[in-house]
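[1] Fold the following.
(one chain, ligands or ions: 3)
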Amino acid sequence: SEEKSLNFLEEIVEEDLAAGKHGGRVLTRFPPEPNGYLHIGHAKSICLNFGLAQRYGGKTNLRFDDTNPVKEDVEYVDSIKEDVKWLGFDWAQELYASDYFDKLYEFALTLIKKGLAYVDDSTAEEIAAQKGTPTEPGTGNEYRNRSIEENLQLFADMKAGKYPDGAKVLRAKLDLASSNMHLRDPLMYRIKHAHHHRTGDAWCIYPMYDFAHGQSDAIEEITHSICTVEFIPHRPLYEWFIEQLELFPSKQYEFARLNLNYTVMSKRKLLQLVTEGHVEGWDDPRMPTISGLRRRGYTPASIREFCERIGVAKRENMIDVGLLEFCIREDLNKKAWRRMAVLDPVKLVIDNYPEGKTEYFSGENNPEAEDGDGSREFPFGREIWIEREDFMEVPAKKYFRLSIGGMVRLKNAYIIKGESVVKDAEGNITEIHCSYLPESKSGNDTSGLTVKGTIHWVSVEHAKTAEVRLYDRLFQVEDPSNEDGDFKDYINPNSLHIISPAYIEPDLANAIAGVPVQFMRKGYFVLDKDSTVDKLVFNRTVTLKDGWVK
Ligand code: ATP
Ligand code: MG
Ligand code: MG
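    Numbering: from 1, shown residues only. Ligands and ions are numbered 1, 2, ... in the order given. As a prediction, this is how the structure comes out:
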């Protein structure tokens, strides 16, 4: 068997286990801020945190990092829980950083009493200016020398709501000369008279990320706190607070965030796409969100496989969306039943086939599966729909589909030969006339002929109709966030193509929500949530890499 080498986080956990750290316990957490829907980047973090714990017999907490009341909402909390579950993971505990507000306040008092925190009346601009530059130390100000008593009183007054937003902040008294700007007396608390989705109006001061995250980890006794590389410079602060407060020694480790081309991944940008109407919503099938991918027809297994394949690195890079598409094709090729649907229909009449006659043919559900996963029947008659592109009046070189005088096999049915066409006033073909070879029936062919092309078709008399939505990339450039101007300038205006009506074989009317299906030669599809019994709507998940006929 093939042993995969350990990634660097697995190595760290194995070393810790070997050294008997934390009594052999592994507890990770996934800490989303409920200010948007989860995206494929979060999926990587989820797979990493839950996967690591699973591998070493540990557990994972789901902790909502809800310390910023302004942008957070229960709608996001609910969607996040749904998405994590859908990806196939179970958390040990559902927790909220806001549940720690009392404890965090106590921690702040402890630091004030140790002379390690002070209330600063400066404006944000003044604080930024006094922080110095990477090459010059900060200057500080007179507030830094406030007495412990005064700080305790002012901080209590901040909490009591005596001051407006921005009037004061609580800062750590740390090191204004540190080469790490994050250590130059970082903010711990700010005043925000805002309603919080869980704590309501109980608080008007809210802790900053740096003062909330590490302590929340420590309160839960998280053993391995995994975050993305932009938090490397925050790590000394993470450790300093834990040390000064003598808390459980959670440790922070950083990995490279996932970047995917032809999309954006920041929640701020995704929110703009939603609120400005560039997409239908957070779950628009073009969005890189988990809910968008789900609606598009991606499976949890394909997303987990994608996260496994990209691996865990320390340096950021750009992953090609083609890899994600590869993973869903691999998965659906094994699972999806094959059906026939004509997306760009033109009518074909078989002149020598008896009028009014119906024959039933049968085809395997999935030739990739054992025993074809069973089969279904579909009707055949004198008039059928075929794809416009499967006919060329005068065939080009190496065109092996239907043409005048040329022969092709109708999938699971007969060989036909092109005879003539009917055109409208503009010269567009409105009908193709053919003859068929009765002795060429699929599975029972005594014609002795071999034809190079096989095309799909649907009986005109029996076809059902559907709306079919084809998607392209949401952006025209690989990295829209790194181009001149606004990222929205690079939106692909043709990212959605709606076909209505498409003609589908009757059995497709039985399609089940969430169950993928392959439209032969056209790709993998899934019912959209807009679908009703009266109006079926299918989304294309992804094209087939190769159709089975060229
Ligand atoms: P955004 O910039 O989209 O708002 P965020 O990091 O602020 O992302 P959080 O809700 O705080 O979003 O993220 C929860 C967890 O998911 C964090 O641990 C974060 O590091 C991780 N995460 C977010 N985006 C990515 C990504 N692109 N790749 C890997 N992990 C990510
Ligand atoms: Mg965050
Ligand atoms: Mg964020």
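[2] what does stretch 314-323 rub up against?
    Contact with stretch 314-323 is made by 8, 229, 254-263, 306, 309-310, 473, 478-479, as judged by C-beta atoms under 8 Å, 6 or more residues apart in numbering. (Glycine included, C-beta is placed from N, CA and C.)
[3] Check stretch 242-251 too.
    Contacts of stretch 242-251 (C-beta under 8 Å, 6+ apart): 107, 110-111, 114, 116, 214-215, 217-219, 221-225, 241.
[4] and if we set it to 6 Å?
    107, 116, 214, 217-218, 221-222, 225 (C-beta atoms under 6 Å, 6 or more residues apart in numbering).
[5] And for stretch 24-44?
    So stretch 24-44 is contacted by 17, 46, 49, 52-53, 56, 58-66, 71-72, 76-77, 79-80, 83, 222-224, 257-258, 265, 267, 271, 282, 288-291, 303, 307 (C-beta under 6 Å, 6+ apart).
[6] Apply the buried test to those and list what passes.
    Listed as buried from the contacts of stretch 24-44 are 17, 46, 49, 52-53, 56, 58-66, 72, 76-77, 79-80, 83, 222-224, 257-258, 265, 267, 282, 288-291, 303, 307; burial here means 16 or more other C-beta atoms under 10 Å.
[7] Which ones among these map onto helices?
    Using DSSP state H, 17, 46, 49, 52-53, 76-77, 79-80, 83, 267, 290-291, 303, 307 are the members of these that sit in helices.
[8] quick one on the thing from earlier: contacting ligand 1 as well, which ones from the buried ones among the contacts of stretch 24-44?
    65, 257-258, 265, 267 (C-beta under 6 Å from any ligand atom).
[9] Max pairwise distance over the residues you listed: which two?
    For these, the maximum inter-member distance is 18.6 Å, found between Asp65 and Leu258 (C-beta to C-beta).
[10] List, one by one, the residues from the stretch 201-350 of the chain near ligand 1.
    227-228, 257-258, 265-267.
[11] for the stretch 1-150 of the chain, what spans make up the helices?
    8-18, 40-55, 74-86, 101-113, 124-130, 148-160 (DSSP state H, counting those that start in this stretch).
[12] what's the angle between the longest one and helix 8-18?
    Relative orientation of helix 40-55 and helix 8-18, computed by axes from the mean of the first three to the mean of the last three C-alpha atoms, to 10 degrees: 30 degrees.
[13] Identify the residue of the protein closest to ligand 1, quick one.
    Taking C-beta to the nearest ligand atom as the measure, the chain has Gly41 as its residue closest to ligand 1, at 2.2 Å.
[14] And that residue, how close does it get to Leu95?
    22 Å (C-beta to C-beta, to the nearest Å).
[15] Could you do Ser442 as well?
    60 Å.
[16] what do you get for Glu106?
    18 Å.
[17] Among the two, which residue is more densely surrounded?
    Taking other C-beta atoms under 10 Å, Glu106 and Leu95 do not tie; Leu95 has more neighbours (19 against 11).
[18] Please tell me I have it right and the more buried one contacts Thr60.
    No: counting by C-beta atoms under 6 Å, Leu95 does not reach Thr60; the two are 11.1 Å apart.
[19] Identify the contacts common to the two.
    Both Leu95 and Thr60 lack any common contacting residue under the criterion C-beta under 6 Å, 6+ apart.
[20] Quick one: the strands in the stretch 101-250 of the chain, in order.
    For the stretch 101-250 of the chain, the strands defined by DSSP state E, counting those that start in this stretch occupy 117-120, 169-172, 187-191, 205-207, 224-228.
[21] ok, how many other residues are close to the closest residue to Val526 other than its chain neighbours?
    Leaving aside its sequence neighbours, Val526 sits nearest to Gly297 (C-beta to C-beta, 6 or more residues apart in numbering; 3.4 Å). Applying other C-beta under 10 Å, we find 26 residues neighbouring Gly297.
[22] So what does Gly297 have for phi and psi?
    phi 110, psi 10 (degrees, to the nearest 10).
[23] Same question for the one 4 residues further on.
    The main-chain torsion angles of Ala301 are listed as degrees, to the nearest 10 and equal phi -60, psi -40.
[24] contacting residues around the spatially closest residue to it that is not a sequence neighbour?
    Nearest residue to Ala301 in three dimensions, chain neighbours excluded: Asp331, at 5.3 Å (C-beta to C-beta, 6+ apart). Asp331 is in contact with 299, 301-302, counting by C-beta under 6 Å, 6+ apart.
[25] List buried residues within these.
    Buried, going by 16+ other C-beta under 10 Å: 299, 301-302, out of the contacts of Asp331.
[26] May I ask you to confirm that Glu254 is in contact with Glu230?
    No: the pair Glu254 and Glu230 fails to qualify as a contact (C-beta under 6 Å) at a distance of 8.2 Å.
[27] Neighbour count for those two, which is higher?
    Set Glu254 next to Glu230 and count neighbours by other C-beta under 10 Å: Glu254 wins out with 17 against 11.
[28] Let me know the secondary structure of that one.
    What DSSP: H, G, I helix; E, B strand; the rest coil gives for Glu254 is strand.
[29] Enumerate every residue touching it.
    227, 229, 231-232.
[30] Would you reformat these as JSON lines and include pLDDT and neighbour count?
    Below are these laid out as JSON lines (pLDDT from 0 to 100; neighbours: other C-beta atoms under 10 Å):
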{"residue": "Cys227", "pLDDT": "97", "neighbour count": "20"}
{"residue": "Val229", "pLDDT": "96", "neighbour count": "14"}
{"residue": "Phe231", "pLDDT": "97", "neighbour count": "19"}
{"residue": "Ile232", "pLDDT": "97", "neighbour count": "15"}
